[in-house]
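[1] Please work out how this folds:
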Amino acid sequence: MSAMFDNLSDKFQKIFKNLRGHGKLTEENIQEALREVRMALLEADVHFKVAKDFVAGIAARAVGQEVMQSLTPGQQVIKIVQESLTELMGGQAVPLNLLGKTPITFMLVGLQGSGKTTTTAKLARMLAADKRKPCLVPADVYRPAAIDQLTTLGNQLKIPVYPSTVEQRPEEIARQAFLFAKEHNCDTLLVDTAGRLHIDSDLMAELERLKEILAPSEILLVADSMTGQDAVQVASTFHETLKISGVVLTKLDGDARGGAALSIRSVTGCPIKFIGMGEKLDALEIFHPDRMSSRILGMGDVLTMIEKAQQAFDEKEALELAQKFRENTFSLDDFRNQLRQIKKLGSLESILGMLPGMGVLKDLKKMQVDEKEFVRMEAIINSMTKIERKNVDVINSSRRKRIANGSGTSVQEVNRLLKSYEEARKVMRQMMGGGGATKKKKGKGRRKRAFFPF
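    Presented below is the predicted three-dimensional model:
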C-alpha cells in the first residue's frame, strides 16, 4: 500500500485489535472505538464534516442487533467500517465514458505541478493498451516545456502528438486537433490544458471556451493528493465552473496523510477515476474504492496484484517456463527474463503491501528493499558467456572472479545469485510436481502452471 495511508492504517488496526479483544461489545465499547476512528480520520486530513458524517453512519449500524447479538461483534464492526469506507470513496470503480462521436475527447484540467501532463500520457498509454488509438494534444501554450514534455512522452509511447506551438491560441489548437486526429486515424483525443499556480478567472474562461469547442466526453481534474484539503477545494472550484466528470489523484505513493482521497467524493460528488502511483508511465491505476478500503484496513489487495501480474507476464511464456522447469532446462537466461518481468510489477514494498496481513508487520515496514539489486543481478548474468548461462556447472572459481570483475560486483554477490537461481529452480521443480523430464506424476492431476516469476 502507498505510504500515504500508513499512519491511518496503523491507527485503524490498533482500534480493531482492541475491539477484537472484547468477547462481547457494549454500546460504550463501540462509541469509544468510533471516537478513535473519528480522530484518526481528522489526523489524516479528512474533511471534518466528512469524518463526522462517516462516524455517525457507522454508529447507526454498529449500535444495533446486527452487532450486539453477533457471535463475533468485533468482526462485524470492522465489516461495517470497511463497507462505509468503500461507500465514502464512491462504492465502485467508475469507468471512462467512451460513448459518443469519434474521436472521443477527454479534457485534462488542473493546477500547475499536479502532474497533469504526465497523467495525460499515462492515460493515453492505458487506452492504447485497451486497443484504442489515442492522440495527444498539448494545449498549454504558456509553458513551452509542457508542449515539449508531452511531445517527448508521445514519441516514447509511439502515440501521435498534435504539433502545437506557443504562437497558437488554445482554441485554434483544439479545432485543428480534430483534423489531425482524423488524418492519423485516431479515435480518442487527450487534451492537456493550461494550468496556473492558483485558480483565476482567465484560466477558467479559457477552459470554458475549450469545453465548448471540444464537447468532451469527460473533463478530468488532475489533483495533487499531497496538498490534502487544498485538493478538495480545487476540485470543488473546478466542478462549479466546468462540471468535471471525474478526478485523477496523483502522487498517492507519497507520504502525505491521504485526506483528499477520502474526502473528494463526498465534498464534490465527483468520482475518483484513477490514481497515480509513481512517475513511470505505467504507474496509473483504475481507482477501486473497495480495494482501497481493504488496503487501508490492512486486508490487502490481491485482485490488483493479480491484475498487475497478468499484465506483466505473458501466458504463452508462462506455459513455456513451466515446461522448462519440468524438463530441468531452466537457464540463467530464463532467470534474467523473470527478473525483468518482476520489475514491471512495481516496487517490492508495494507488492508486499497488497498481501493480506502484511501491513501490520512492523519488520516489513522497517525493511528497505534495495531495488538496485535487480540491476546488479542482471549485470552479473550479462557478464557470463552463453555456455555459462546455459550450464552453471561450468562456472568454477576463476570464472566467478572474471564474472565479478566484468559486472562490477564481488565474487560473494556472484555466489549469492547462483544460489538464488539454484533455489528458484529447486522450488519451482517441486511445485511443478516432478524431478525432471523422465518423471511423470500419476493420477488425474490438472496441468500446473508457473504463477510465480521464479
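[2] From here on, just use CA atoms for contacts and neighbour counts.
    Fine.
[3] Kindly report the domain assignment for this structure.
    Domain assignment for the chain by automatic domain parsing gives 3-88, 104-293, 307-432.
[4] how about CSV for the ones you listed, with distance to Pro95 added?
    CSV is the format used below for the domains of the chain (distance: least, C-alpha to C-alpha, whole Å):
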stretch, distance to Pro95
domain 3-88, 17
domain 104-293, 7
domain 307-432, 16
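[5] so how far does stretch 123-135 reach from one end to the other?
    This stretch, stretch 123-135, spans 11 Å end to end (C-alpha to C-alpha, to the nearest Å).
[6] Next, count neighbours for Ser397.
    Neighbourhood size, Ser397 [other C-alpha atoms under 10 Å]: 11.
[7] So it versus Val63, what's the distance?
    For Ser397 relative to Val63 (C-alpha to C-alpha), the value is 70 Å.
[8] So Val248 belongs to a strand, correct?
    Yes. Checked against DSSP: H, G, I helix; E, B strand; the rest coil, Val248 lies within a strand.
[9] Measure how buried it is and give me the count.
    Neighbours of Val248 (other C-alpha under 10 Å): 28.
[10] beta partners of it?
    Val222, Phe274 (DSSP bridges).
[11] Was I right to think it contacts Phe274?
    Yes. Between Val248 and Phe274 a contact is recorded at 4.8 Å, counting by C-alpha atoms under 8 Å.
[12] any chance you could map the helices in the stretch 1-150 of the chain?
    6-20, 27-43, 48-62, 65-68, 73-88, 116-129, 144-157 (DSSP state H, counting those that start in this stretch).
[13] quick one: buried residues of whichever strand or helix holds Arg340?
    Element membership for Arg340 (DSSP states H and E) is helix 332-344. Within helix 332-344, the residues that qualify as buried by neighbour count (16 or more other C-alpha atoms under 10 Å) are 332-336, 338-342.
[14] Stretch 163-180 now?
    163-165, 170-171, 173-174, 177-178, 180.
[15] for stretch 393-411, same thing?
    Buried residues in stretch 393-411 (16+ other C-alpha under 10 Å): 395, 400-401, 403-404, 407, 409-411.
[16] For the protein, which residues score under the pLDDT cut-off?
    Scanning the chain for pLDDT under 70 picks out the ranges 1-6, 20-25, 64-74, 254-258, 298-318, 342-371, 428-454.
[17] quick one, longest helix in it?
    helix 411-432 (DSSP state H).
[18] and the closest residue to Glu167 other than its chain neighbours, how far is that from Val109?
    Residue nearest to Glu167 in three dimensions, not counting chain neighbours: Val141, with 7.4 Å by C-alpha to C-alpha, 6 or more residues apart in numbering. Distance of Val141 to Val109, given as C-alpha to C-alpha: 14 Å.
[19] list residues touching both of these two?
    Taking C-alpha atoms under 8 Å, 6 or more residues apart in numbering as the contact rule, Val141 and Val109 both touch Ala194.
[20] So for the two, which residue has more residues nearby?
    When Val141 is set against Val109 and neighbours are counted by other C-alpha under 10 Å, the residue ahead is Val109, at 27 against 19.
[21] Quick check: bridge partners of the more buried one?
    Going by DSSP bridges, Val109 forms beta bridges with Leu221.
[22] Surely it is in contact with Leu190?
    No. Assessed by C-alpha under 8 Å, Val109 is found out of contact with Leu190, at 10.8 Å.
[23] how about the domains of the chain, which one is nearest Val94?
    Val94 lies closest, by C-alpha to C-alpha, to one member of those: domain 104-293, at 5.9 Å.
[24] okay, how far is it across the closest one, tip to tip?
    Terminal-residue distance, domain 104-293 (C-alpha to C-alpha): 32 Å.
[25] So which bits of stretch 232-248 are buried?
    Buried-residue list, stretch 232-248, by 16+ other C-alpha under 10 Å: 232, 234-239, 242-248.
[26] picking that back up, hang on, the residue nearest to Glu167 packs against Asp148?
    No. Counting by C-alpha under 8 Å, Val141 stays clear of Asp148, with 10.6 Å between them.
[27] Spell out which residues sit in contact with the residue nearest to the spatial centre of the chain, please.
    Nearest to the mean C-alpha position of the chain, by C-alpha atoms, centre = their mean, lies Glu285 at 4.3 Å. Counting by C-alpha under 8 Å, 6+ apart, Glu285 touches 274-277.
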